[in-house]
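need a 3D model of the following:
(one chain, ligands or ions: 1)
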Amino acid sequence: MKTVSTVPDLRSAVASYREKGQRVAFVPTMGALHAGHLALVEQARRAAGKVVVSIFVNPKQFGPGEDFERYPRDLAADAEKLREAGADLLFAPAVDVMYPPGFSTTVHVAGVSEGMEGARRPGHFDGVATVVARLLGLVLPDVAVFGQKDAQQCAVVMRLVADLGLPVEVLVAPTVRESDGLAMSSRNAYLSPEERKAAPALFRALLATQLVHELGERKAEKLLAAFRLAIGTELRLELDSADLVDAATMRPVEKVDRPVLLAAAVRAGRTRLIDNVVFGG
Ligand code: PAF
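Here you go, the predicted structure:
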């Protein structure tokens, strides 16, 4: 696996794949790679002959007081994991490569980016959309792979790609979980042993709510109440948000009469964990 950090080196490596007639799949990441990321690489390998992965902790998607400074960074360990996973090219740019002096563009995807996480983390999805648009423009992949754990991010990227007519297929890979159900996340590294023990209660509460739906409940208000009740049994987690939305538009629903996303965030100490399930329709 080759590592590059400049745009000309990235472009020339991708051009050499194209000259050989290879399709290119792209997995954007912020590093601190875990099995969830490696599953995205695996999906990318199935989709194309060459796999490009980026590692860039994007300052534009962190709000004031969020964890940009302490976000885990270990490029050497990440590169080794990617090599073992069969990635072909790692693009690890510095901030001034991604945002050179004079960079003035912000991409705002109205609608899907504005509720839920977008409302609670102002500017977050503008930062995501801006960096993803730039990365797609630099790599020019045939396929880009994102993880379902960040469901609203996936919806934002799909809207961005459709609206701008970008010639890339967006694939969404299922969430990879620890054996106790906790969704894999780079932020799990922040959890103390006690918080780590409590954390799987988030997925359990999502599944319990899905079960309430399976047993016949269709009203959003009742399902959200069931979720709050279930998460309330784990006193070490503090509920931050819970939303039941149309799985495509990310708009709140009153009843489950189509595929819906139940997405929630909890705080375990200083760490904010998110997860979701899709059901209905
Ligand atoms: O999901 C992430 O890791 C990031 O939001 C992404 C897509 C790499 C953009 O910085």
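
residue of the stretch 151-281 of the chain closest to the ligand, please.
Ranking the residues of the stretch 151-281 of the chain by distance to the ligand (Cβ to the nearest ligand atom) places Q153 first, at 5.7 Å. (Each C-beta comes from the backbone N, C-alpha and C, glycine too.)

could you check the distance from that residue over to L224?
Distance, Q153 to L224, using Cβ to Cβ, to the nearest Å: 22 Å.

what of K149?
As it turns out, when the distance is counted by Cβ to Cβ, K149 lies 20 Å from L224.

which one's more surrounded, these two?
In terms of neighbours (other Cβ atoms under 10 Å), K149 is the more surrounded of K149 and L224; the figures are 22 against 17.

what is the neighbour count of T105?
Look at T105: counted by other Cβ under 10 Å, it has 8 neighbours.

hang on, R18 packs against S12?
No - here R18 lies out of contact with S12, judged by Cβ atoms under 8 Å, at a distance of 10.6 Å.

what parts of this protein come near the ligand?
P28, T29, M30, N58, Q61, V128, V131, V132, D150, Q153 (Cβ under 6 Å from any ligand atom).

out of those, which end up buried?
Under a neighbour-count criterion of 16 or more other Cβ atoms under 10 Å, the subset of the residues of the chain next to the ligand counted as buried comprises P28, T29, M30, N58, Q61, V128, V131, V132, D150, Q153.

can you redo the residues you listed as a markdown table with pLDDT?
Output for those, formatted as a markdown table (pLDDT from 0 to 100):
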| residue | pLDDT |
| --- | --- |
| P28 | 98 |
| T29 | 98 |
| M30 | 98 |
| N58 | 98 |
| Q61 | 98 |
| V128 | 98 |
| V131 | 99 |
| V132 | 99 |
| D150 | 97 |
| Q153 | 98 |
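
can you add distance to A242 and secondary structure and give these back as JSON lines?
Formatted as JSON lines, those follow (distance: Cβ to Cβ, whole Å; DSSP: H, G, I helix; E, B strand; the rest coil):
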{"residue": "P28", "distance to A242": "27", "secondary structure": "strand"}
{"residue": "T29", "distance to A242": "27", "secondary structure": "strand"}
{"residue": "M30", "distance to A242": "25", "secondary structure": "coil"}
{"residue": "N58", "distance to A242": "26", "secondary structure": "coil"}
{"residue": "Q61", "distance to A242": "22", "secondary structure": "helix"}
{"residue": "V128", "distance to A242": "21", "secondary structure": "helix"}
{"residue": "V131", "distance to A242": "27", "secondary structure": "helix"}
{"residue": "V132", "distance to A242": "26", "secondary structure": "helix"}
{"residue": "D150", "distance to A242": "16", "secondary structure": "helix"}
{"residue": "Q153", "distance to A242": "18", "secondary structure": "helix"}
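
in the stretch 51-200 of the chain, which spans are strands?
Remark: strands of the stretch 51-200 of the chain, listed N- to C-terminal, are 89-91, 143-147, 169-173; assignment by DSSP state E, counting those that start in this stretch.

mind putting those in a markdown table, distance to G137, mean pLDDT and mean neighbour count included?
Formatted as a markdown table, the entries for these read as follows, by distance: least, Cβ to Cβ, whole Å; pLDDT from 0 to 100; neighbours: other Cβ atoms under 10 Å:
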| stretch | distance to G137 | mean pLDDT | mean neighbour count |
| --- | --- | --- | --- |
| strand 89-91 | 13 | 99 | 24 |
| strand 143-147 | 12 | 98 | 23 |
| strand 169-173 | 15 | 98 | 18 |
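
what's the burial count for V256?
19.

that one and D163: what is the separation?
Summarising the geometry, the distance separating V256 from D163, computed by Cβ to Cβ, is 28 Å.
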